[in-house]
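Chemist: test case, fold it:
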Amino acid sequence: MTKTSKDGALRSMTGFSAATGAFNSFRWAWDIRSVNGKGLDVRLRVPDWIDGLETALRPLVAARAKRGNVTLSLRITRDDAAAGLSLNEETMRAVVQSLLTIEAEAMDQGLSLAPSRATDIASMRGVMDAGAAQDDTGPLRTALLSEVPALLDAFDDMRTREGSALREVMLAQLTEVGKLTEQAAALAEKRKDDVAANLKRNLARVLDNTDGADPDRVAQELALLAVKSDVTEEIDRLHTHVKAAGALLNDGGAVGRKLDFLMQEFNREANTLCSKAQNADLTAVGLALKALIDQMREQVQNVE
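Modeler: Numbers count the residues shown, from 1 in each chain. Sure, this is the predicted structure:
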């Protein structure tokens with residue numbers, strides 16, 4: 001039974017596997033490799049003289065890979081002793097007609113040419129073709145396709161091993177993000193007195209310069225000052241993103257796009273936290289978060 005990528009494993013978009021095989025006089029070598037990509041791009045490099053091979057291969061590959069640039073290649077040869085020769089009748093007729101024209105022209109010029117032999121004609125390029133392909137390539141196609149599941153299993157195994165390593169790295173990074181978020185929450189709570197003092201000073205400055213000012217406008221400015229210093233929402237969202245990312249890593253499957261989106265959200269909250277910090281220690285934590293989130297994002301780019 002053919003496996004698919006819907007088995008809950010976290011997979012890397014980077015992978016490789018190879019295999020060799022034989023059928024009658026044919027020998028071949030498969031290889032499949034993939035690198036990072038925003039979507040799924042499957043490229044098949046297989047002989048076009050094997051009827052239906054490419055059509056059969058494409059859905060098999062697409063069932064395994066959900067993202068990435070995937071290239072499947074097949075190199076096939078045939079033993080010379082068994083390849084045999086076949087007569088290309090169209091080329092032979094053209095060669096014979098050309099020889100007749102040459103002989104007629106030579107006779108008109110008074111020249112006598114030696115008679116052409118069948119072996120001379122057969123040795124001319126294109127008259128006898130090496131039998132690289134069979135009239136019926138069905139048995140060969142069947143033999144080739146029978147090896148593809150094992151090739152794709154090995155490909156999946158490598159990507160799964162890589163994905164497992166990525167998962168461990170990102171879970172460790174995510175734990176560190178959680179710790180930094182807790183530090184930010186503690187620092188934000190600790191700086192409340194400083195924020196309140198700053199707000200009072202700003203309020204006094206505003207009130208000293210409000211002669212004739214619109215009371216509603218003054219209230220709006222004061223509210224804006226309070227909002228600019230409050231990082232509660234940013235910290236709450238960081239906690240939420242940590243839980244969401246952890247769930248995705250544990251669920252597995254093709255979660256790369258969702259993780260990439262979460263990394264953007266993480267970065268947005270860290271940026272806002274830095275801009276609102278008004279505190280050296282809190283700013284330092286925000287910068288550490290930004291650096292760690294950037295490292296995580298690099299890892300996420302490898303996740304299917």
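
Chemist: residues near T20, how many?
Modeler: Using other Cβ atoms under 10 Å, the number of residues around T20 comes to 11. In this view, the C-beta of every residue, glycine as well, is placed from N, C-alpha and C.

Chemist: tell me the SS of it?
Modeler: Using DSSP: H, G, I helix; E, B strand; the rest coil, the structure places T20 in strand.

Chemist: beta-bridge partners for it, please?
Modeler: As for beta bridges, T20 partners with A29 under DSSP bridges.

Chemist: separation between it and Q264?
Modeler: Noted for T20: a distance of 44 Å to Q264, by Cβ to Cβ, to the nearest Å.

Chemist: now swap in A22 and tell me
Modeler: A22 is 50 Å from Q264, by Cβ to Cβ.

Chemist: swap in A114?
Modeler: 82 Å.

Chemist: which one of the two is surrounded by more residues?
Modeler: The neighbour comparison of A114 against Q264 (other Cβ under 10 Å) goes to Q264, with 10 against 6.

Chemist: which helix or strand contains the more buried one?
Modeler: According to DSSP states H and E, Q264 maps onto helix 256-276.

Chemist: how about that helix: buried residues?
Modeler: By neighbour count on 16 or more other Cβ atoms under 10 Å, the buried set for helix 256-276 is 256, 258-259, 262-263, 265-267, 269-270, 272-274, 276.

Chemist: mind putting the residues you listed into JSON lines with distance to A188?
Modeler: Output for the buried residues of helix 256-276, formatted as JSON lines (distance: Cβ to Cβ, whole Å):
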{"residue": "G256", "distance to A188": "32"}
{"residue": "K258", "distance to A188": "28"}
{"residue": "L259", "distance to A188": "27"}
{"residue": "L262", "distance to A188": "22"}
{"residue": "M263", "distance to A188": "23"}
{"residue": "E265", "distance to A188": "19"}
{"residue": "F266", "distance to A188": "17"}
{"residue": "N267", "distance to A188": "19"}
{"residue": "E269", "distance to A188": "13"}
{"residue": "A270", "distance to A188": "14"}
{"residue": "T272", "distance to A188": "13"}
{"residue": "L273", "distance to A188": "9"}
{"residue": "C274", "distance to A188": "13"}
{"residue": "K276", "distance to A188": "9"}
